[in-house]
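*Asks:* sequence first, predicted model second:
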2 protein chains.
Amino acid sequence: MERFSIGEVSALTGVSVDTLRFYEREALFVHPVARDAAGRRSYGTFEVEWVRMCARLRGTGMPLPTIREYADLVRAGEGNERERYGLLRAHQQRVEEQVAELVAARDAIAAKADLYAARLADGTAGQLWAGTPAPCLEDGRGREVA
Amino acid sequence: MERFSIGEVSALTGVSVDTLRFYEREALFVHPVARDAAGRRSYGTFEVEWVRMCARLRGTGMPLPTIREYADLVRAGEGNERERYGLLRAHQQRVEEQVAELVAARDAIAAKADLYAARLADGTAGQLWAGTPAPCLEDGRGREVA
DNA sequence: CTAGGAGCTGGAGCCGACTCCAGGTCAACC
DNA sequence: GGTTGACCTGGAGTCGGCTCCAGCTCCTAG
């Protein structure tokens, strides 16, 4: 059962050494992190996976206090899987919404970029631009300017 | 050519009144915002669309300084559409990556939630759990605990 | 045996993006 | 003509999430 130094965990997970210590202070770990004879942190595979999970949750916008709640549930042990399930599903729901919003925004941005592409391609860039639908910015004189 | 008060723009765009003033201080607007006789801000349809665009860009993680760059280009007027195009496409690219990462994280979260669902459904919750592939957290004794 | 590198602690600092305030002006309605 | 409510300004405060620092202890390689 191999063990990992904080630097190794950082390399393995992409989470910085400082952030790992910070997460520990913030009580995001399920169990107190073990130390070796010299007082250095020593992580097991469980911790590494846990950190990866934390990174995913953070990366999808879960605030630290919520991750702490999840850790608390896991720490409390068996018997609260329904709560853990609810927490994960609720978060998944939020992530689905994020994806939808992101995709919508991307489409709007892509549409605008396409517009520029068309303008550049047919040489009308820098010239008057007839009124266009929704996502275009006009200056009130029918001129698309952004 | 209707005009809008700051409160109306806020209602129309979902961007708070404070934030609108803040964006103005941060020079995110293409043109200085007009004022009515009493010194109150008066926005046109162009500004409203611009704010919407800013909200989209912000919502997809574009930092204020980059939005300011874009505003600067638009303000500079015709002749730099290639730069504007590059800026938008580059951002679109970043958003595509965000979507991909978000979807991947969502899948991992969903997989874990599914695992809990299965455990809850077949009544094995709270019992020993045989070793499972990647996204599962085990305590080193083959026990999935999180 | 010493120099370097990884780790340690507690605490301070930073950053981006708001958000909130006090204290004031105005316009409009009753 | 008073009171409400939207708006104004400049500046200060907040918040989340790191990130950095000084000054120290180890272990390892040369």
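*Replies:* Yep, that arrived.

*Asks:* all contacts plus neighbour counts: C-alpha atoms, from now on.
*Replies:* Will do.

*Asks:* report the contact partners of the closest residue to A:D36 other than its chain neighbours.
*Replies:* Leaving aside its sequence neighbours, A:D36 sits nearest to A:S42 (CA to CA, 6 or more residues apart in numbering or on different chains; 6.1 Å). Shown in contact with A:S42 (CA atoms under 8 Å, 6 or more residues apart in numbering or on different chains): A:R3, A:F4, A:S5, A:I6, A:V33, A:A34, A:R35, A:D36.

*Asks:* quick check: the gap between A:S42 and DNA strand C.
*Replies:* 7 Å (CA to the nearest atom of the strand, to the nearest Å).

*Asks:* for that residue, what is the enclosing helix or strand?
*Replies:* According to DSSP states H and E, A:S42 maps onto strand A:41-42.

*Asks:* that strand pairs with which strands?
*Replies:* strand A:34-35 (antiparallel) (DSSP bridges).

*Asks:* contact partners of the strand it pairs with?
*Replies:* By CA under 8 Å, 6+ apart, the residues outside strand A:34-35 that reach it are A:R41, A:S42, A:Y43.

*Asks:* same check on stretch A:91-100?
*Replies:* A:T60, A:M62, B:V99, B:L102, B:V103, B:R106, B:I109, B:A110.

*Asks:* spatially nearest residue to the fourth one (excluding sequence neighbours)?
*Replies:* With CA to CA, 6+ apart as the measure, A:T60 is the residue that lies nearest to B:L102, at 6.4 Å, once sequence neighbours are left out.

*Asks:* show me what contacts the one you found?
*Replies:* A:V95, B:L102, B:A105, B:R106.

*Asks:* re earlier: of the contacts of A:S42, which belong to helices?
*Replies:* Counting by DSSP state H, the members of the contacts of A:S42 that fall within helices are A:I6.

*Asks:* top of the contacts of A:S42 by number of neighbours, please.
*Replies:* Highest neighbour count within the contacts of A:S42, by other CA atoms under 10 Å in any protein chain shown: A:I6, with 20 neighbours.

*Asks:* what about whatever residue of chain A ends up closest to DNA strand D, how many residues close to it?
*Replies:* Closest contact between chain A and DNA strand D, by CA to the nearest atom of the strand, is at A:P63 (3.5 Å). A:P63: 11 surrounding residues under other CA under 10 Å.
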